[in-house]
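*Asks:* Kindly return the folded structure for what I paste below:
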Amino acid sequence: MDPSLTQWLMRGNLQTRTLRARIKDQLSFDSLFELLYHHERPLVLRAAEAIEKVTTKHQELLRTHKLDLLRLFTTSDHPELKGRLAQLITRVTLLPDEAEEVWKTLQYWTRNPHESKLVRVHALQSLYDLSRIYPDFREPFQETLTAVTHEPIPSLQARIRKLRDTLPGERHATGASLSA
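*Replies:* Numbering: from 1, shown residues only. From the prediction side, this is the model:
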């Protein structure tokens, strides 16, 4: 573990340009990824945030960490980390059986009223992202979207509106169902 990386993360400057200067290659990214296993929760969350930002444009950096990412995704119980993992999991290429398991977990998180709002919003977005990659998930995504539409959670409602604006065949004016 790189102690300077740990200190840098805890100082709190995770601006994109600063990240680009710090995380330049696979080796520096690997050091950052290792911090997801650190015992200090604030450091884990800062590392997850940095990983999410870096991989927005450089998803290939996650390729060698796919199995670890899947393991963390299925075992994490911290809401902020789960939200980040929900975002990250769609950035790796999943085998069909992996995609199915990820789908089930994301669907559970989205529909579970006991999950944090943050986790539910990120899980819903990730379900949408997976439904664009795997066409077999498009109909189940619309069913999930319909199931959570009634929930009075502003952040979830905002994400639903955003996603509906991107769905083909959506009739906005009438508020009709997603299938046109």
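*Asks:* how close does L70 get to D77?
*Replies:* Distance, L70 to D77, using CB to CB, to the nearest Å: 16 Å. From N, CA and C alone the C-beta is placed, and that goes for glycine too.
*Asks:* One more: R20?
*Replies:* 32 Å.
*Asks:* These two: who's more crowded?
*Replies:* Under the neighbour definition other CB atoms under 10 Å, R20 and D77 were set side by side, and R20 has more, 13 against 6.
*Asks:* Which helix or which strand is home to that one?
*Replies:* Element membership of R20, judged by DSSP states H and E, is helix 16-22.
*Asks:* following that helix, which helix or strand shows up next?
*Replies:* Going down the chain from helix 16-22, the next helix or strand is helix 26-34, by DSSP H and E.
*Asks:* which strands and helices sit next to that following helix?
*Replies:* helix 3-11, helix 41-54 (3 or more CB pairs under 8 Å, 6 or more residues apart in numbering; DSSP states H and E).
*Asks:* Now with 10 Å, please.
*Replies:* Counting contacts by 3 or more CB pairs under 10 Å, 6 or more residues apart in numbering; DSSP states H and E, helix 26-34 is packed against helix 3-11, helix 16-22, helix 41-54, helix 66-75.
*Asks:* Quick check, pLDDT for S155.
*Replies:* Note on S155: pLDDT of 94.
*Asks:* you'd agree it is up against K117?
*Replies:* Yes - assessed by CB atoms under 10 Å, S155 is found in contact with K117 at 5.2 Å.
*Asks:* Which one's more surrounded, those two?
*Replies:* Ranked by neighbour count (other CB under 10 Å), S155 and K117 place K117 first, with 15 against 12.
*Asks:* hmm, who's touching the lowest-mean-pLDDT helix or strand in the chain?
*Replies:* Using mean pLDDT, DSSP states H and E, the weakest-scoring helix or strand in the chain turns out to be helix 16-22, at a mean of 73. By CB atoms under 10 Å, 6 or more residues apart in numbering, the surrounding residues in contact with helix 16-22 are 2, 4-5, 8-9, 11, 13-15, 28-29, 31-32, 49-51, 53-54, 56-58.
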